[in-house]
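[1] I would like the atomic coordinates for the input below:
(chains A and B)
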Amino acid sequence: MPTYTLINSQVLASSATSVTFSSIPSTFTDLVIRSSARHNGTGGNIWYMGVQFNSVTTGLYSETFLVADMTNVIGTNNVNSLPFDVHAGNLVQNNYTANVFSNTEMYIPSYAGSTNKVWSAAFAGENDAANYNYIGYNAGLARTTEAITQIILKPNGSVGGFSAGSSFYLYGISKA
Amino acid sequence: MSDVLTKVVVDCSTGVTEIVPLTAEEITQREADREASAIAQAERTAQAEALATLKASAKAKLIAGEPLTAEEADTLVI
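    Coordinates of the predicted model:
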C-alpha cells in the first residue's frame, strides 16, 4: 500500500524571502509540497510562487500554466525560464482580506531519478471579497537530470517574500 | 517585515531549521533576478499583445470579407 509521509514542515513566524528544504532523502518515489501562503507585498493583483531545484539557477525551466479569475482565462507556455519565473503556485497579496492564504499542491514524480524533472501544481488564490479569487494549474519541466535534494520556494521574480503565517509541508510518497 | 532580509532553510535529514540573513551577494542576486524577471515578463506581455492584435485584425477581416495575411490566419487555424 502506498504511503504518504511528512518529511518536514515550516510555518513562518515572520516574513521570509524564501523557504528551502535541503538534504531531502532519496528514499521516496515522489514528492508533494503543500503550501498555504501569502505574499508580504501589496502591488498587483496576484503573485505567483516560483521553484528552484538544487542549484539549477539558469534558464532550464519551462512550463504551461493556466489561470482563471472572475472574468478572464489566461494560458501560456514559457520556455527557458529562470527558476523563479515559473508559476508553480499562488500567493495572496498582503492588502487582501487579513488572514487569508492561497493554497498550492505541487506534485514532483520520480524526484530522485536520473531523468529531467517534471512537476504539476494546482493552486487557488483566495480573498474574502467579490474579486481577485483565482484558480490555476501548472505543468513544469526542469531540464536537470540530477536527483532533487533541495527545493527552494520563493515569490515570482524574487520580489518581496512570504508573510508570517505562511506554511509549507513537504511529503514523500512511497509506491506500494 | 524587519529590515534584515532573511530566508528559512530546513535540513530534512536532521530537522534543524535555520533563519539565515541574506548575504550581500544574495541581495544583489535578488535584484538581478527581479530585473531579469521584469524583462522576461515584458517580453511575454508584448508577445501576448501582438497576438491579440493579430486576432482582432483577423476577425475584422473575416467579418468584412477581406483576405487575411498568413500571420493572421495562423491565429485562427488550429
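[2] so which residues on chain A come close to chain B?
    Within chain A, the positions adjacent to chain B are A:7-8, A:10, A:12, A:14-25, A:40, A:76, A:78, A:81-82, A:84-85, A:156-159, A:161, A:170 by C-beta under 8 Å from any C-beta of the partner chain. In this view, the C-beta of every residue, glycine as well, is placed from N, C-alpha and C.
[3] pLDDT-wise, which helix or strand of chain B ranks last?
    Here the helix or strand of chain B ranked lowest by mean pLDDT, DSSP states H and E is helix B:24-64, holding a mean of 85.
[4] from the residues of chain A next to chain B, which land in strands?
    Of these, the ones assigned to strands by DSSP state E are A:7-8, A:10, A:19-22, A:76, A:78, A:81, A:170.
[5] take these and write them to a markdown table, including neighbour count and distance to residue B:19.
    Converted to a markdown table, these look like this (neighbours: other C-beta atoms under 10 Å in any protein chain shown; distance: C-beta to C-beta, whole Å):
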| residue | neighbour count | distance to residue B:19 |
| --- | --- | --- |
| A:7 | 20 | 19 |
| A:8 | 21 | 15 |
| A:10 | 21 | 10 |
| A:19 | 26 | 11 |
| A:20 | 22 | 11 |
| A:21 | 25 | 15 |
| A:22 | 18 | 14 |
| A:76 | 13 | 35 |
| A:78 | 20 | 32 |
| A:81 | 23 | 28 |
| A:170 | 24 | 18 |
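[6] in a markdown table, list the residues you listed along with distance to residue B:52.
    Formatted as a markdown table, these follow (distance: C-beta to C-beta, whole Å):
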| residue | distance to residue B:52 |
| --- | --- |
| A:7 | 44 |
| A:8 | 44 |
| A:10 | 40 |
| A:19 | 36 |
| A:20 | 39 |
| A:21 | 39 |
| A:22 | 43 |
| A:76 | 13 |
| A:78 | 18 |
| A:81 | 22 |
| A:170 | 40 |
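[7] tell me the centre residue of chain B?
    The centroid of chain B falls nearest to residue B:41 when counting by C-alpha atoms, centre = their mean (3.5 Å).
[8] re earlier: do the least confident helix or strand of chain B and chain A meet?
    Yes. Judged by C-beta under 8 Å from any C-beta, helix B:24-64 comes into contact with chain A through B:29-30, B:33-34, B:36-38, B:40-41, B:44, B:48.
[9] filter these to the buried ones?
    Listed as buried from the residues of helix B:24-64 next to chain A are B:30, B:33-34, B:36-37, B:40; burial here means 16 or more other C-beta atoms under 10 Å in any protein chain shown.
[10] any chance of the residues you listed in CSV, with distance to residue A:122 too?
    Listed next are these as CSV, based on distance: C-beta to C-beta, whole Å:
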residue, distance to residue A:122
B:30, 28
B:33, 25
B:34, 27
B:36, 27
B:37, 23
B:40, 24
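[11] residue B:59: which of those is nearest?
    Distance to residue B:59 across those (C-beta to C-beta) is lowest for residue B:40, with 28.9 Å.
[12] what's the neighbour count on residue B:66?
    Residue B:66 has 11 neighbouring residues, counting by other C-beta atoms under 10 Å in any protein chain shown.
[13] so what's the residue in chain B that chain A sits nearest to closest to, chain neighbours aside?
    When scored by C-beta to the nearest C-beta, chain B has residue B:37 as its residue closest to chain A, at 3.2 Å. Of all residues not flanking residue B:37 in the chain, residue A:157 sits nearest, at 3.2 Å (C-beta to C-beta, 6 or more residues apart in numbering or on different chains).
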